[in-house]
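K.L.:
Provided below are the primary sequence and the corresponding predicted coordinates.
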Amino acid sequence: MERKRKEKIEEIYRTYAKSLYLYLFRLSGSQTVAEDLVQDTFVKATISLSFYQDEEVKSWLFKVARHAYLDEWRKQKRWNWVPFKELIHRNNQMLGPYEEPEEYLLSKESEANVNTIYKHMPESYRAILYLREEEGLSYEELATALDRNENQIKVTLHRARQRFKELVRTRYNKGRE
């Protein structure tokens, strides 16, 4: 019994650790904090994993991770957002011999622009946009992860997307002046 539980936890860790790290890095802007919070998330998961069905684990883990982040944020009294560091390329890929350097630089510039815009958004908007757009969580999974009902998720997601577009327009128009 104990061996099966350990194997299940290891499988869940292998499946979700990278996604949780990227999510927590997007929220915190710190590699060290994100790593620590992933570990905290899995400690809590180890304790109460038996309560969750396989299909609920993903959204539940993101919920635990978000609460771990909010607890850390409150504990450190981080009322000002920490600037994002340059994100590691999603698949840790090196520039290949057939990849155009211009395309690579444009993608890095776009990523930096997105990070700059994200840091000007409230945590709730950053969280919902990341979980929906990067992790592909459904409305139901978002509701579980963010402790809201599906209607609240739809409204918040709409507002977050509108705010993101508004910040893009503002940033783009400033660059043209």
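P.N.:
Sure thing, it's come through. Residues are numbered from 1 along each chain as shown.
K.L.:
so what touches stretch 63-70?
P.N.:
Outside of stretch 63-70, the residues within contact range by CB atoms under 8 Å, 6 or more residues apart in numbering are 20, 23-24, 27-28, 37-38, 40-41, 44-45, 123, 127, 144-147. The way it works is simple: take the backbone N, C-alpha and C, and place the C-beta from them, glycine included.
K.L.:
of the residues you listed, buried ones?
P.N.:
20, 23-24, 27-28, 37-38, 40-41, 45, 127, 144-146 (16 or more other CB atoms under 10 Å).
K.L.:
among these, which are in helices?
P.N.:
Within those, residues falling in helices by DSSP state H are 20, 23-24, 27-28, 37-38, 40-41, 45, 127, 144-146.
K.L.:
make JSON lines from the residues you listed and add distance to residue 164 to it.
P.N.:
Below are those laid out as JSON lines (distance: CB to CB, whole Å):
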{"residue": "20", "distance to residue 164": "22"}
{"residue": "23", "distance to residue 164": "17"}
{"residue": "24", "distance to residue 164": "20"}
{"residue": "27", "distance to residue 164": "15"}
{"residue": "28", "distance to residue 164": "19"}
{"residue": "37", "distance to residue 164": "24"}
{"residue": "38", "distance to residue 164": "26"}
{"residue": "40", "distance to residue 164": "28"}
{"residue": "41", "distance to residue 164": "26"}
{"residue": "45", "distance to residue 164": "30"}
{"residue": "127", "distance to residue 164": "13"}
{"residue": "144", "distance to residue 164": "23"}
{"residue": "145", "distance to residue 164": "19"}
{"residue": "146", "distance to residue 164": "17"}
